[in-house]
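Peer 1: Structure here, sequence nowhere to be found:
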């Protein structure tokens, strides 16, 4: 993989800014930021991207994979056009998240960690998003948070995504 760069120069400059926050011999400390920058640019973190980041940060690829697979925020498979992540931790579960998740699965015809056959929606089960007061919570494409999403809201949400 040596020498092959998979991200735009702008992304490497952003990674360099993150690296600069740490001592010179600690480039690897920027691994989480580098993964986030890559995912923001490409939508997901593929094996070649992990290898590229590892080379750039002067790390072993397995060390980058360990970080990427430990945290749920990295897409290790290419997601659909829309990624829906629903929190099912206790506060959301107590407010009906499991029923809402079941309705999402039924409406989309998929289970967690699957993508619709047309590639439009990927459904993920998420850890706490820090918005327990608005439980149950759904995040669209890691950026748009919806609170108090009920079973009754699911069909409208799916239709809204189809219209985008």
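Peer 2: Yep, it's here. Since this is a predicted model, take the numbers as computed values, not measurements.
Peer 1: Quickly note the distance from residue 132 to residue 97.
Peer 2: Separation of residue 132 from residue 97 (C-beta to C-beta, to the nearest Å): 11 Å. Heads up, the C-betas are built off the backbone N, CA and C, glycines and all.
Peer 1: repeat for residue 26
Peer 2: As judged by C-beta to C-beta, residue 26 and residue 97 stand 39 Å apart.
Peer 1: Give me the more crowded residue out of those two.
Peer 2: residue 97 (24 against 11; other C-beta atoms under 10 Å).
Peer 1: Report the contact partners of the more buried one.
Peer 2: Contacts for residue 97 (C-beta atoms under 8 Å, 6 or more residues apart in numbering) come out as 86-88, 135-137.
Peer 1: Nearest to residue 32 among these?
Peer 2: Nearest to residue 32 among those: residue 87, at 20.8 Å, using C-beta to C-beta.
Peer 1: Residue 86 in helix, strand or coil?
Peer 2: What DSSP: H, G, I helix; E, B strand; the rest coil gives for residue 86 is strand.
Peer 1: actually residue 28, not the one I wrote
Peer 2: Applying three-state DSSP: residue 28 is helix.
Peer 1: number of nearby residues for it?
Peer 2: The burial count for residue 28: 17, using other C-beta under 10 Å.
Peer 1: what sits against it?
Peer 2: Residue 28 touches 57-59, 63, counting by C-beta under 8 Å, 6+ apart.
Peer 1: Kindly report the same for residue 59.
Peer 2: Residue 59 touches 27-28, 31, 53, counting by C-beta under 8 Å, 6+ apart.
Peer 1: Counting neighbours, which of those residues comes out on top?
Peer 2: Result: residue 53 is most packed of these (other C-beta under 10 Å), 24 neighbours.
Peer 1: Name the SS class of that one, please.
Peer 2: Per three-state DSSP, residue 53 ends up helix.
Peer 1: For this protein, which segments count as helices?
Peer 2: Here the chain has its helices, by DSSP state H, at 9-19, 31-42, 47-57, 61-70, 90-94, 97-108, 151-163.
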